[in-house]
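Asks: Let's see this in three dimensions:
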Amino acid sequence: MTEKVKITFLGTAGSMPSANRNPTSILLSYNQENILIDCGEGTQRQMRKAKINPCKINKVLITHWHGDHIFGLPGLFQTLVLSGYNREMQIFGPPGTKDFLKNFIGIFVPVFKFSADSKEVSSGKFFEDKDFYLEAEKMTHGGTKCNAYSFVIKDKIRIDKKKLKKSKIPAGPLLQKISQGKDVVYKGKKFKSKNLTYVEKGRKISFVLDTSINSKISKFVKDADLLIIESTLEESLEKLAKEHGHLTSKQASEIAKKAKVKRLIITHLSPRYEKSSEKILAEAKKVFKKTELVRDFDVLEL
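Replies: Okay, the predicted model is just below:
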C-alpha cells in the first residue's frame with residue numbers, strides 16, 4: 001500500500017495576516033512524521049481550527065527568521081509544555097538558528113522547560129531514515145540567511161501479489177529477502193526478486209517560501225511531484241519583488257516549467273490581493289497550466 005502524504009496549509013499570506021489568510025505555515029504528515037514548515041503568528045490557533053494536535057509535531061523546518069515565518073514559535077512552545085510534550089523537538093534552520101532559538105525560548109518562556117534539538121543546515125541532505133530524507137538549499141532573500149527544503153520519499157520495492165501467489169512462496173524470511181531485492185530458493189527452485197516485485201517510485205515535495213529569483217531554485221526542485229512556492233506579487237511589480245527579495249507569479253511558474261515539476265502550488269500572497277487573488281493564479285497558469293492557488297486550511301494528499 002502506498003502511504004499518503006498529507007499537506008495542510010495553515011497560513012498562506014505574505015508579510016502580514018489578512019482577514020482570510022494567516023502568515024505562512026504548512027504541516028506535512030507522513031506515517032508517524034508531522035513536519036511543520038515555518039510557524040507564522042497564530043499558527044497554533046489555525047491548528048485548533050483544523051483539528052490538528054500540536055503535540056504530534058516532531059520536526060520544524062524554518063526557512064528564515066523573519067517575523068511572518070516564526071512569530072508563532074513561542075506560543076507553540078508554551079502550549080507544548082503545558083500539554084505535557086515529553087520528547088525533544090527537532091528544529092532545522094539556516095545558520096544562526098541556534099542563537100535565534102535560544103533567545104526565543106529565553107525571552108518568551110523562561111519559566112517553562114522546553115527541549116529542542118536545533119541544527120543549522122545550508123545545502124544538501126540533512127536528515128534520512130529508511131523511508132525518506134530531507135534536503136536543503138540556500139536561497140536569496142536580501143541579507144537574511146534563507147533555505148528552501150525538499151521532502152523526498154525513497155523508491156520502494158513492492159511485491160506483486162499475483163505473481164507471489166503463483167510462486168506459492170510462504171510469508172516469512174524468504175518473503176522478506178525478496179522485498180529487499182534478494183533472490184531466494186524455495187523447494188529447489190530459484191526465484192529472482194525482480195520477477196516477483198516492482199519498484200514503486202518515490203515522491204518529491206519541495207518548499208520554496210521566500211526568495212528572489214536565482215539559478216539554484218530550478219535545479220533544487222527539479223522533477224518534483226509537487227512544488228510549493230511563494231508568489232508574492234504580480235508580473236507588473238517585478239521590480240518591487242526584486243527589491244524585497246520575492247518572486248512574482250510569472251517567475252514562480254517559469255521555475256516550475258523549467259524544472260519539469262508535475263504540479264505547482266502558489267502561496268505567500270501579498271495582502272494587496274485579498275480581493276483579487278485570481279489575478280495571481282491566472283498569470284501563473286499562462287506559463288504553467290498545472291498551477292493551483294491555495295488558501296488557509298486547504299489540504300492536499302499525494
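
Asks: Show me the shaky parts of the stretch 151-300 of the chain.
Replies: Along the stretch 151-300 of the chain, no part satisfies pLDDT under 70.

Asks: ranges for the helices of it?
Replies: Applying DSSP state H, counting those that start in this stretch to the stretch 151-300 of the chain gives helices spanning 161-167, 173-179, 193-196, 216-220, 238-243, 249-259, 277-287.

Asks: Give me the distance between E235 and I280.
Replies: 9 Å (CB to CB, to the nearest Å). To be clear about C-beta, it is placed using only N, CA and C from the backbone, and glycine gets the same treatment.

Asks: can you check K163 too?
Replies: For K163 relative to I280 (CB to CB), the value is 49 Å.

Asks: More neighbours: which of those two?
Replies: Taking K163 and I280 together and counting by other CB atoms under 10 Å, I280 has the greater number of neighbours (24 against 14).

Asks: quick one, what contacts the more buried one?
Replies: The neighbourhood of I280, defined by CB atoms under 8 Å, 6 or more residues apart in numbering, consists of 231, 234, 249, 266, 269, 273, 293.

Asks: can you check T12 too?
Replies: 21-22, 24, 267-269, 294-296, 298.

Asks: Show the contacting residues for R158.
Replies: Per CB under 8 Å, 6+ apart, neighbours of R158: 179, 197-200.

Asks: Among these, the buried ones, what's the ChimeraX command?
Replies: Only the buried entries of these go into this ChimeraX selection, using 16 or more other CB atoms under 10 Å:
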select :197
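
Asks: ok, the contacts of R158 vs T8, which is closest?
Replies: E200 (24.2 Å; CB to CB).

Asks: gap between that closest one and Q176?
Replies: For E200, the distance to Q176 - CB to CB - is 17 Å.

Asks: likewise I228?
Replies: Counting by CB to CB - I228 and Q176 are separated by 36 Å.

Asks: nearest spatial neighbour of I265, skipping sequence neighbours?
Replies: I228 (4.5 Å; CB to CB, 6 or more residues apart in numbering).

Asks: count of residues packed around S270?
Replies: 22.

Asks: repeat for the one 3 residues further on
Replies: Neighbours of Y273 under the rule other CB under 10 Å: 22.

Asks: Give me the nearest residue to it, chain neighbours excluded.
Replies: I280 is the one closest to Y273 (CB to CB, 6+ apart), at 5.8 Å.

Asks: rewinding a little: of the contacts of I280, which is the nearest to S193?
Replies: Nearest member of the contacts of I280 to S193, counting by CB to CB, is I266, at 42.2 Å.

Asks: Quick check, that closest one in contact with T248.
Replies: No. The criterion here is CB atoms under 8 Å, and I266 misses it with T248 at 10.3 Å.

Asks: between these two, who's got more neighbours?
Replies: A count of neighbours by other CB under 10 Å puts I266 above the other of I266 and T248, at 28 against 25.

Asks: Distance check, the closest residue to that one other than its chain neighbours against T211.
Replies: Nearest non-adjacent residue to I266, counting by CB to CB, 6+ apart: S231, 3.7 Å away. According to CB to CB, S231 and T211 sit 11 Å apart.

Asks: what pairs with the residue nearest to I265 across the strands?
Replies: Per DSSP bridges, the residues bridged to I228 are F207, I265.

Asks: Neighbours of it, how many?
Replies: So I228, with other CB under 10 Å, has 27 neighbours.

Asks: And E128, by the same measure?
Replies: Neighbours of E128 using other CB under 10 Å come to 12.

Asks: Torsion angles phi and psi at it?
Replies: Dihedral angles of E128 (phi, psi; degrees, to the nearest 10) stand at phi -160, psi 140.
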